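Asker: sequence and computational prediction follow.
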Amino acid sequence: DDGYRLWLKYDRIADAAPRQQYQRAAQFIASSGTTPGVRTAAAELQRGLSGLLGQAVPVVAAAGSRTGGIVLRVDAQASAGGQALKPEGYHIFSEKNNLVITGRTDRAVLYGAFALLRQVQTRQPLAGLNVTSNPRINFRLLNHWDNPNGTVERGYAGSSIWQWYELPERLDPRYTDYARANASIGINGVVINNVNASARYLSAEYLAKVAALAGVMRPYGIRVYLSVMWAAPKVIGGLNTADPLDPAVKQWWAAKSDEIYKAIPDFGGFLVKANSEGEPGPQDYGRNHADGANMLAQSLGRHDGVVMWRAFVYKANSNGDRFKEAYEEFQPLDGKFDPKVLVQVKNGPIDFQAREPFHPLFGAMPKTPLLLEVQLTQEYLGFATHLVYLAPLIKECLEADTYAKGPGSTVAKVVDGTVDHHELSGIAGVANIGADRNWTGHPVGQANWYAFGRLAWDHMLSPETIAAEWTKMTLTTEPAAVRTLTNLLEQSRSIYVRYTTPLGLHHIMGESIHYGPQPWLAKAGRPDWTAVYYHKADSVGLGFDRTAGGSNALALYKPEVQKQWGNAQTCPLNYLLWFHHVGWRQPLPTGRTLWNELCTRYYTGADSVLWMQQQWAAAKPALDPALYADVAARLQTQRKEALWWRDACVLYFQTLARQPIPAPLVPPARSLADVKNLVQLYQLK
Ligand code: BDP
């Protein structure tokens, strides 16, 4: 199994008894629909069911008097249990011994078709099926950090899947499989290019290519979006300014929007990274983010599109606390954004670390729809080498309580619009997809793509449910193996945190490449790109004091949240060093001192990778041999590098803590100089 088919495997069900039951319930597919979406749904059902059931399943125009089939029905009035469905929501129910998949739009029916296939793929019964499902979030997007030259920023699965030099004439069949995979998990939009954007995409030449891609995505309910380079009016428009208040600039964007919608009538809109990490933006002209976002939103005019404006900003050479900077720039702009603007906020205040407290902007901008951005590509989580299932990380953020409107104002409810009654709601995952045959490099990276889509559709789903679904659809349906693998996936993220950044440590990874440990990093292009800026280790202790006695970043949160994290004695250990500078000899609730607890976590974390290897090995009989071997080899590297992290961190922090590695832990055999050499090697040009 080369992994290309992802979770859409559709192999014949080996067990005769369940197969025959499904065969009886799926003898035909009735679809009178002529719209592309319904045709797509019928084709996918036919493909999936024929494969799974090992027999041809015909598509007919109408069920007539036949029973034992599946009926697709777009019905503008469709409702379920007296409740109107959302435009993308579906209802599956039994009627006259047929299963009906209905919804108000053809996209809804397509999602219902994939839900039915999932039911079969995960071996759930079809008899008496009655499921209604509405997406909780409206814009469910992948963000590709793909460049026009085919590279992918922070991509670890090969080059970009977009073949710009072949477009628009040749449409790689892979685009269709990509669209199928996304539709199967409810993703309805893709931003196809890097936020560090090239102006190239806005040229007529490239818009024709983008339009060709949009044509592939359309029948799958997926809209295409573009990241835009703020200075495009200068770079390709011949203007000498990109000032958002300049009439010529406004006119340029309005004309550009018209041109885009002419080529792509269902174009989704723009994503903007401005005045961040050297990218141009409205501040270059003394304007603010709202000035920029609003001008762009207005340029969309009557077209049905949105502007997603990123809040990932931190001023150059800031001496304060990077934690606070996005808040300080954006919170005062609440209420100033055009209704077509969503502000896109990363899950945490720093940058996609293995664990971060939720971003303080969530709950602090009630008048602005905030779009949650999470990272699926494992920039800080071991690239495509370490097995880390991300649903627990995403879920931890979604479930965090902002207390914005009293208890229960979770990030999920801020994002889905229920807390502040927003119509626009969105979530984006920075894609982990590349041209590698298996799409994600690490085979288990596929689970992160899958889990993102499922959580975007329904953030109430548990990471466990999603892991079990993905495992059954992708790896095996053998019950004991499913249990073992689901548990392995679920534990993997907290294990990664333990051997890399336990107790709330953050941003101590290798410079620039963001791989491996470099806690000693003290000099970089900016102070907030070093490690020492974040861990603040000294002879007294470890951790960033963000209480009132320190940077006071805690004050950005509601009092209830401050209470939960503000006291070093009661702060949950997972967040301790995010908010407190703690003495090395300070006893923790575990009964160990900070130093001993730190060592214990690094050691048990690294040893847990041995456990991961054992779990994977235990499932071997149920797994495809090639896939088994691939992951087993990656786990060997993961074990080696977990020890690398452990040794680097305990040896470096020991130079400040000046205490022995507590027994029974065995001190590393290598020296700090040895590990530093290793890290340097990985950074050689
Ligand atoms: C950081 C990445 C950088 C991205 C940036 C962003 O290191 O490559 O451009 O985020 O999100 O994590 O804009």
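Answerer: Good, I have the coordinates.

Asker: tally of neighbours for the one residue in the stretch 501-650 of the chain that gets nearest to the ligand?
Answerer: Closest residue of the stretch 501-650 of the chain to the ligand, C-beta to the nearest ligand atom: H514 (6.3 Å). In short, each C-beta sits where N, CA and C put it, glycine included. H514: 18 surrounding residues under other C-beta atoms under 10 Å.

Asker: correct me, but it touches T377?
Answerer: No: counting by C-beta atoms under 8 Å, H514 stays clear of T377, with 10.8 Å between them.

Asker: show me whatever sits in contact with both of those two.
Answerer: Common neighbours of H514 and T377, using C-beta atoms under 8 Å, 6 or more residues apart in numbering, are R154.

Asker: by mean pLDDT, flag the weakest helix or strand of this structure.
Answerer: When the helices and strands of the chain are scored by mean pLDDT, DSSP states H and E, strand 83-84 comes last with a mean of 88.

Asker: name the residues that touch it?
Answerer: By C-beta under 8 Å, 6+ apart, strand 83-84 touches T132.

Asker: same for the helix or strand following that strand, what does it pack against?
Answerer: Tracing the chain C-terminally past strand 83-84 and defining elements by DSSP states H and E, one meets strand 90-95 next. Packing partners of strand 90-95 (3 or more C-beta pairs under 8 Å, 6 or more residues apart in numbering; DSSP states H and E): strand 79-80, strand 98-103, helix 106-121, strand 131-133.

Asker: which parts of the third one are buried?
Answerer: Counting neighbours by 16 or more other C-beta atoms under 10 Å, one finds that the buried residues in helix 106-121 are 106-121.

Asker: so what's I192 up against?
Answerer: I192 makes contact with 144, 146, 162, 201, 210, 213, 224-226, according to C-beta under 8 Å, 6+ apart.

Asker: and with 6 Å instead?
Answerer: I192 is in contact with H144, counting by C-beta atoms under 6 Å, 6 or more residues apart in numbering.

Asker: and for V307?
Answerer: By C-beta under 6 Å, 6+ apart, the residues touching V307 are 269-270, 293, 296-297, 340-341.

Asker: quick one: which of those is nearest the ligand?
Answerer: Among the contacts of V307, F270 lies closest to the ligand (C-beta to the nearest ligand atom), at 15.2 Å.

Asker: I'd guessed the closest one sits against V228; true?
Answerer: Yes: counting by C-beta atoms under 6 Å, F270 touches V228, with 4.9 Å between them.

Asker: so if I had to pick from the two, which one is more boxed in?
Answerer: F270 (28 against 24).

Asker: against A199, how distant is the more buried one?
Answerer: Going from F270 to A199 by C-beta to C-beta, to the nearest Å gives 13 Å.

Asker: save the contacts of V307 as TSV, and put in secondary structure, distance to N552 and pLDDT too.
Answerer: Formatted as TSV, those follow (DSSP: H, G, I helix; E, B strand; the rest coil; distance: C-beta to C-beta, whole Å; pLDDT from 0 to 100):
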residue	secondary structure	distance to N552	pLDDT
G269	strand	36	98
F270	strand	35	98
A293	helix	28	98
L296	helix	34	98
A297	helix	34	98
K340	coil	35	98
V341	strand	29	98
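
Asker: which two in those residues are spaced the farthest apart?
Answerer: Within the contacts of V307, G269 and A293 form the most distant pair, 11.2 Å apart (C-beta to C-beta).

Asker: doesn't M365 lie inside a strand?
Answerer: No: read with DSSP: H, G, I helix; E, B strand; the rest coil, M365 is coil and lies in no strand.

Asker: against the ligand, how distant is it?
Answerer: Going from M365 to the ligand by C-beta to the nearest ligand atom, to the nearest Å gives 19 Å.

Asker: pull the number of nearby residues for that residue.
Answerer: By other C-beta under 10 Å, the residues close to M365 number 23.

Asker: residues in contact with the residue nearest to it when sequence neighbours are not counted?
Answerer: Using C-beta to C-beta, 6 or more residues apart in numbering and skipping the chain neighbours, the partner closest in space to M365 is D334 (4.1 Å). Residues counted as contacts of D334 (C-beta under 6 Å, 6+ apart) are 365, 367-368.

Asker: among those residues, which one sits closest to Y533?
Answerer: Using C-beta to C-beta, the contacts of D334 come closest to Y533 at M365, 26.7 Å.

Asker: where's A214, which helix or strand?
Answerer: Going by DSSP H and E, A214 is part of helix 204-217.

Asker: can I get that helix in CSV? Just the C-alpha atoms.
Answerer: Presented in CSV, the C-alpha positions along helix 204-217 are these (Å, rounded to 0.1, in the frame of the first residue of the first chain):
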residue,chain,number,x,y,z
ALA,A,204,-3.7,37.4,-16.0
GLU,A,205,-1.4,34.7,-16.9
TYR,A,206,-1.6,33.0,-13.5
LEU,A,207,-5.3,33.7,-12.9
ALA,A,208,-6.0,31.5,-15.9
LYS,A,209,-4.1,28.7,-14.1
VAL,A,210,-5.9,29.4,-10.8
ALA,A,211,-9.2,29.3,-12.7
ALA,A,212,-8.3,25.8,-14.1
LEU,A,213,-7.7,24.6,-10.6
ALA,A,214,-10.9,26.1,-9.5
GLY,A,215,-12.7,24.2,-12.2
VAL,A,216,-11.4,20.9,-10.8
MET,A,217,-12.4,21.9,-7.2
